[in-house]
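1. Predicted coordinates and the sequence they were generated for:
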Amino acid sequence: MTSHETNQRPRPLWALGLLAVLAAAVVAVAGTFMAVLGADIGCVGGSGSVQAAPTKTAKQEIAPWKLKLYRAAAKRFDIDWTFLASIGYQECGNGACPEINPSGCGGAMQIAVVRGSACSPDPSVPTLWERYGVDADGDGKASITSPADSIFTGARILRPVMGAPRTGGSYAAYREAACNYYGACADGLTSYADEVMARAVQYGFRGAGSPEPSDPAGARPAPSGNGQCGTSQSPSGGLGGAKRVNGPAELKSLPADITPGTPEACDSRIIADVIYLARRFGQVVTDCFGLGHTPDGEHPLGAAIDAAPKDGNWANTMRLARAVGWKPSCASSGSRPVCADPPFRFVGYNGYPNHGDPAHCVPCSGGPHIHISWQTSASPGMPENASRYSYIPATWIEVLAGPGSGGGSGKGKRG
Ligand SMILES: [Zn+2]
């Protein structure tokens with residue numbers, strides 16, 4: 001949510017983003033209830049509104065077979081095809097984007113398909129794909145790897161679940177649906193809703209309130225979306241999973257390049273993770289093991305870090321937050337399973353009191369920073385949890401399965 005900082009956006013957009021997050025939560029809950037009741041809320045008939053003709057930009061940017069799918073799906077579910085196609089581009093660029101990413105979203109519209117994943121955290125709740133999957137290619141099953149099935153399912157979800165209006169709806173109403181699909185209107189990675197709408201206009205969107213299309217060769221944004229489930233699968237995400245390690249444990253100092261000034265020490269089992277994350281995301285660690293924090297948290301275990309950007313660029317810290325599973329929509333809890341991916345238990349960032357970048361750290365007693373806790377056998381809620389006033393290590397700590405092995409570039413399977 002550093003949008004106004006990294007993208008020079010004014011605060012009202014950020015506020016709008018928050019509202020959209022709340023709205024998304026409401027529609028998600030509503031969707032669940034409707035699914036439980038077995039109501040068919042997907043298919044609606046075509047409206048009287050005429051679908052826009054594809055512009056030159058649309059024809060240049062979208063493969064003919066895909067354009068055909070977007071238009072057919074839009075017609076079936078009564079949604080503006082330019083909007084649907086622009087979401088598709090935002091999620092996957094010109095590629096097919098067929099696979100399931102590490103966050104549990106997949107396909108041409110990056111729809112949540114794996115229960116208990118970052119994209120669909122509650123294992124007892126059916127995923128969006130389970131609830132709304134459409135067999136559009138007629139092979140007898142809804143398949144996430146089928147572009148036709150994915151695009152039709154995306155159209156079906158956008159209308160009732162994400163609140164997109166019918167064909168002929170206004171610019172503002174479609175923009176809000178884009179916010180809902182992403183989980184925020186914008187964040188430190190992307191001005192998602194504005195990029196989607198700008199592209200839709202380039203493709204021929206003419207809803208009320210639309211701005212004039214910009215020069216096609218000029219302001220065409222690059223694809224940068226991450227799916228409607230929030231985003232851990234970001235360009236910087238995909239850290240490669242977790243493993244549990246037992247002792248031996250000791251406090252070990254971090255190298256000087258990531259703790260300038262007073263050297264910090266951590267439980268030896270997370271040292272590799274800390275070095276990896278700090279160097280990869282350009283952070284300095286301002287605290288690790290420490291007794292001046294919550295006594296039953298992970299700092300006294302040496303299993304939490306406080307960090308800030310080495311060069312003052314908080315966009316890097318936002319990338320780190322995203323990579324460890326943090327999302328704006330769950331920032332006030334910061335906790336597993338929705339706001340921290342294993343091996344992490346808790347992330348304190350924008351939206352959590354006393355944490356976050358300079359624009360979001362309110363109140364801010366410890367100064368702007370991100371806090372990341374690793375899950376341990378002595379973490380809050382675990383049997384060994386207790387207030388600690390000296391270093392008494394946890395029996396086990398979850399760590400990255402292979403720091404550096406799973407986090408290379410190109411993990412964002414899009415296009
Ligand atoms: Zn901390």
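-> Okay, I see it. Numbering: from 1, shown residues only.
2. alpha carbons only for contacts and neighbour counts from here, please
-> Noted.
3. For residue 173, grab phi and psi.
-> phi -70, psi -40 (degrees, to the nearest 10).
4. neighbours of it, just the number please.
-> 16 (other CA atoms under 10 Å).
5. Correct me if wrong: it contacts residue 165.
-> Yes - with contacts counted by CA atoms under 8 Å, residue 173 reaches residue 165, the gap being 6.4 Å.
6. Around the ion, which positions in this protein sit nearby?
-> 306, 371 (CA under 5 Å from the ion).
7. quick one, strands of the stretch 251-400 of the chain?
-> Secondary structure of the stretch 251-400 of the chain (DSSP state E, counting those that start in this stretch): strands at 251-253, 265-267, 283-287, 304-309, 344-348, 370-374, 396-400.
8. Run through the stretch 1-150 of the chain and note the low-pLDDT ranges.
-> Within the stretch 1-150 of the chain, the ranges that satisfy pLDDT under 70 run 1-49, 94-98.
9. Where do the helices of it begin and end?
-> Counting by DSSP state H, counting those that start in this stretch, the stretch 1-150 of the chain has these helices, from start to end: 3-6, 11-37, 56-61, 64-77, 81-92, 128-132, 147-158.
10. Buried residues, the fourth one. List them.
-> Counting neighbours by 16 or more other CA atoms under 10 Å, one finds that the buried residues in helix 64-77 are 66, 67, 69, 70, 71, 72, 73, 74, 75, 76, 77.
11. Would you confirm that the last one contacts residue 157?
-> No - counting by CA under 8 Å, residue 77 stays clear of residue 157, with 9.3 Å between them.
12. just checking, residue 247 touches residue 398?
-> No - in this structure residue 247 lies outside contact range of residue 398 using CA under 8 Å: 11.4 Å.
13. which one of these two has more residues nearby?
-> Between residue 247 and residue 398, residue 398 has the larger neighbour count (other CA under 10 Å), namely 22 against 13.
14. leaving aside the residues next to it on the chain, what's closest to that one?
-> residue 244 (4.2 Å; CA to CA, 6 or more residues apart in numbering).
15. How many neighbouring residues does that neighbour have?
-> 15.
16. What's the separation between it and the ion?
-> 22 Å (CA to the ion, to the nearest Å).
17. Likewise for residue 181?
-> With CA to the ion as the criterion, residue 181 and the ion are 31 Å apart.
18. Give me the neighbour count for that residue.
-> Residue 181, neighbours per other CA under 10 Å, totals 30.
19. so it is in which element?
-> In this structure, residue 181 sits in helix 171-182 according to DSSP states H and E.
20. and the following helix or strand past that helix, how far from the chain's centre?
-> Moving toward the C-terminus from helix 171-182, the next helix or strand (DSSP H and E) is helix 192-203. Centre-to-centre, helix 192-203 and its host chain are 19 Å apart (CA atoms, centre = their mean, to the nearest Å).
21. Return the distance of the closest residue to the ion within the stretch 101-250 of the chain relative to residue 261.
-> Nearest residue of the stretch 101-250 of the chain to the ion: residue 250, at 19.5 Å (CA to the ion). Remark: distance between residue 250 and residue 261 (CA to CA, to the nearest Å) = 22 Å.
22. So between those two, which is more surrounded?
-> Ranked by neighbour count (other CA under 10 Å), residue 250 and residue 261 place residue 250 first, with 15 against 9.
23. Now do the contacts for the more buried one.
-> 267, 268, 393 (CA atoms under 8 Å, 6 or more residues apart in numbering).
24. show me where pLDDT drops low in the stretch 301-415 of the chain?
-> In the stretch 301-415 of the chain (pLDDT under 70), the answer is 403-415.
25. How about the residue of the stretch 201-350 of the chain found nearest the ion: which residues does it bridge to?
-> Nearest to the ion in the stretch 201-350 of the chain, going by CA to the ion, is residue 306, at a distance of 4.6 Å. Judged by DSSP bridges, the bridge partners of residue 306 are residue 287, residue 371.
26. Assess the claim that it and residue 366 are in contact.
-> No - applying CA under 8 Å as the test, residue 306 and residue 366 come out as separate, 9.9 Å apart.
27. if you count what's nearby, which of the two comes out ahead?
-> More crowded of residue 306 and residue 366, by other CA under 10 Å: residue 306, with 22 against 10.
28. is it possible to export the strands of the stretch 251-400 of the chain to JSON lines including distance to residue 84?
-> Formatted as JSON lines, the strands of the stretch 251-400 of the chain follow (distance: least, CA to CA, whole Å):
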{"stretch": "strand 251-253", "distance to residue 84": "51"}
{"stretch": "strand 265-267", "distance to residue 84": "48"}
{"stretch": "strand 283-287", "distance to residue 84": "38"}
{"stretch": "strand 304-309", "distance to residue 84": "37"}
{"stretch": "strand 344-348", "distance to residue 84": "33"}
{"stretch": "strand 370-374", "distance to residue 84": "35"}
{"stretch": "strand 396-400", "distance to residue 84": "37"}
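29. which residues does the closest residue to residue 177 other than its chain neighbours contact?
-> Sequence neighbours aside, residue 164 is the residue nearest to residue 177 in space, at 4.9 Å (criterion: CA to CA, 6+ apart). Neighbouring residues of residue 164 by CA under 8 Å, 6+ apart: 79, 158, 173, 174, 176, 177, 178.
30. What residues of stretch 361-372 count as buried?
-> 361, 362, 364, 368, 369, 370, 371, 372.
31. which ones are touching residue 331?
-> Residue 331 neighbours (CA under 8 Å, 6+ apart): 339, 348, 349, 350, 351, 352.
32. and residue 348, what are its bridge partners?
-> residue 371.
33. Tell me how many other residues surround it.
-> Residue 348 has 25 nearby residues by other CA under 10 Å.
34. can I assume it is in contact with residue 360?
-> No - between residue 348 and residue 360 there is no contact under CA under 8 Å: 11.4 Å.
35. Next up, the contacts around residue 241.
-> Contacts of residue 241 by CA under 8 Å, 6+ apart are 342, 343, 400, 401, 402, 406.
36. could I get the buried residues of helix 64-77 as JSON lines with distance to residue 284?
-> Below are those laid out as JSON lines (distance: CA to CA, whole Å):
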{"residue": "66", "distance to residue 284": "45"}
{"residue": "67", "distance to residue 284": "47"}
{"residue": "69", "distance to residue 284": "48"}
{"residue": "70", "distance to residue 284": "46"}
{"residue": "71", "distance to residue 284": "49"}
{"residue": "72", "distance to residue 284": "51"}
{"residue": "73", "distance to residue 284": "48"}
{"residue": "74", "distance to residue 284": "48"}
{"residue": "75", "distance to residue 284": "52"}
{"residue": "76", "distance to residue 284": "52"}
{"residue": "77", "distance to residue 284": "49"}
